[in-house]
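**Q** here is the input, now give the coordinates:
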Amino acid sequence: MPKLDFKKSIDNKRFNTSGGRFYGPTDLDVFNQYDNPLKPSWTNVANIESSPGLTDWFKNNGKWSDIIGPTTAILGTIGHSGVDYMNEGKEVTEEWIVDTLDNYYDIRWRLIYPNKWEAVELIKKMLMGYIAWYEEHKPTILKSEIMMWHPDVPYAGTADLVLNIYNKRQDKEIIMMADLKTGNENEKHFVQCMAYAILLEKIYKVKVGALGVLYCQGRWKGEVKPGKMKVKVIRNKGGDFTEDAKFLMNRVVKLYDLWESNQKFKQPKTKQRLPKKFSLNITKEPK
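**A** Now for the predicted structure:
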C-alpha cells in the first residue's frame with residue numbers, strides 16, 4: 001500500500017493580499033529564503049478563466065448573482081469543514097452547523113435563506129451524502145484538507161482528500177487525489193485535481209495514480225443519495241502518465257500562463273491589518 005510521509009512538507013499558511021488568496025511558508029526564516037515565496041492559490045489561478053455559461057448565468061440573475069454565488073460557496077465551505085471534522089474522527093452536530101452559519105463572516109446567505117433552517121438542511125444533506133458514500137466504499141483516507149506549497153511549483157493550494165484505493169484493472173493499491181464538490185458536475189474539476197496532484201508528487205516524491213471528484217449535493221429528496229465519485233486514472237500499470245493526464249497537465253500549464261500574463265507584479269502586497277481601536281492624541285490646554 002502506497003504511503004506518504006507528511007512531515008516532508010514545508011509548513012505554509014494562507015495570505016490575504018491585494019491579488020487574492022496566496023500561500024507562503026509559515027516560518028519567517030524559510031519565507032525569506034525565496035525571492036517569490038507567495039504563490040497564488042490554484043482557485044485564484046483558475047478564476048482567470050470563465051466557466052462555460054457563466055455569462056448567461058450572470059445575465060439571468062443580474063444583481064442577485066453577487067448573492068447567489070457566494071451563498072452557494074458559503075454552504076459548500078461549511079459542508080467541507082464538516083467533512084474534514086468527520087475524517088478526523090470528530091462528531092458534527094446540528095448545533096455546530098447552526099453556530100458556524102450564524103457566525104459566518106459573510107452574511108449574504110441570509111438574503112437567500114431568511115429561514116436559516118433551509119440552509120441547515122442543505123448542509124446536513126451534504127454531510128449525509130458523504131457519510132453514505134464513505135460507508136459504501138470504505139476508502140482509506142491518508143489526509144484530509146492538505147495545504148501544499150513547494151518552491152518549484154508556481155502555485156499552491158489546499159486539496160480535500162488524499163486516498164488509497166484499489167485499482168482492479170491494475171490489481172494494486174494506488175494513490176488518488178480527490179476533491180469534494182457540493183455543486184454541479186464539471187469536467188474542469190479534474191484540472192484542479194491535476195494541479196493538486198502535481199504538487200503532491202513534487203512535495204512527497206510519490207506517484208498519483210488517479211484523480212477523483214466526489215459530488216455531494218444537498219438537493220436530494222426521500223432516501224439518502226450517496227455522493228457520486230467520478231474518477232480518471234492518470235497512470236498506467238507501468239507508472240507512466242495516460243493521455244488524460246497529459247491533457248490535464250497541459251490545461252494546468254496554460255491556465256497558469258494565462259493568469260501570470262495578467263499580473264503586473266511578481267509578488268502581491270499583503271493586506272494591511274486595520275486597528276481595532278481609534279482615538280486622537282489630543283493635548284488639552286491647561287485652564
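
**Q** pLDDT score assigned to Met1?
**A** pLDDT for Met1: 60.

**Q** residues contacting Trp149?
**A** The contact partners of Trp149, taken as CB atoms under 8 Å, 6 or more residues apart in numbering, are Ser9, Ile10, Asn12, Tyr23, Gly24, Pro25, Lys39, Ala156, Leu199. Glycine gets a C-beta too; all of them are placed from N, C-alpha and C.

**Q** among those residues, name the buried ones.
**A** Ser9, Ile10, Asn12, Tyr23, Gly24, Pro25, Lys39, Ala156, Leu199 (16 or more other CB atoms under 10 Å).

**Q** hey, where'd the strands end up in this protein?
**A** 12-17, 20-25, 39-40, 140-148, 157-167, 172-181, 208-215, 228-233 (DSSP state E).

**Q** please work out which of those strands is packed deepest.
**A** Counting by mean count of other CB atoms under 10 Å, strand 39-40 has the highest mean neighbour count of the strands of the chain, with a mean of 25.

**Q** residues in contact with the closest residue to Tyr196 other than its chain neighbours?
**A** Nearest residue to Tyr196, sequence neighbours excluded (CB to CB, 6 or more residues apart in numbering): Ala159, at 4.0 Å. Going by CB under 8 Å, 6+ apart, Ala159 touches Glu145, Ile146, Met148, Met177, Ala178, Asp179, Cys193, Tyr196, Leu199, Leu200.

**Q** beta partners of Ala159?
**A** Ile146 (DSSP bridges).

**Q** so what's Lys8 closest to, chain neighbours aside?
**A** Tyr204 (5.6 Å).

**Q** just checking, that neighbour touches Lys7?
**A** No: with contact defined as CB atoms under 8 Å, Tyr204 does not reach Lys7; the gap is 9.9 Å.

**Q** just name the closest of the buried ones among the contacts of Trp149 to Met229, please.
**A** Met229 lies nearest to Leu199 out of these, by CB to CB, at 21.1 Å.

**Q** quick one: mean pLDDT over stretch 186-197.
**A** Stretch 186-197 comes out at a mean pLDDT of 96.
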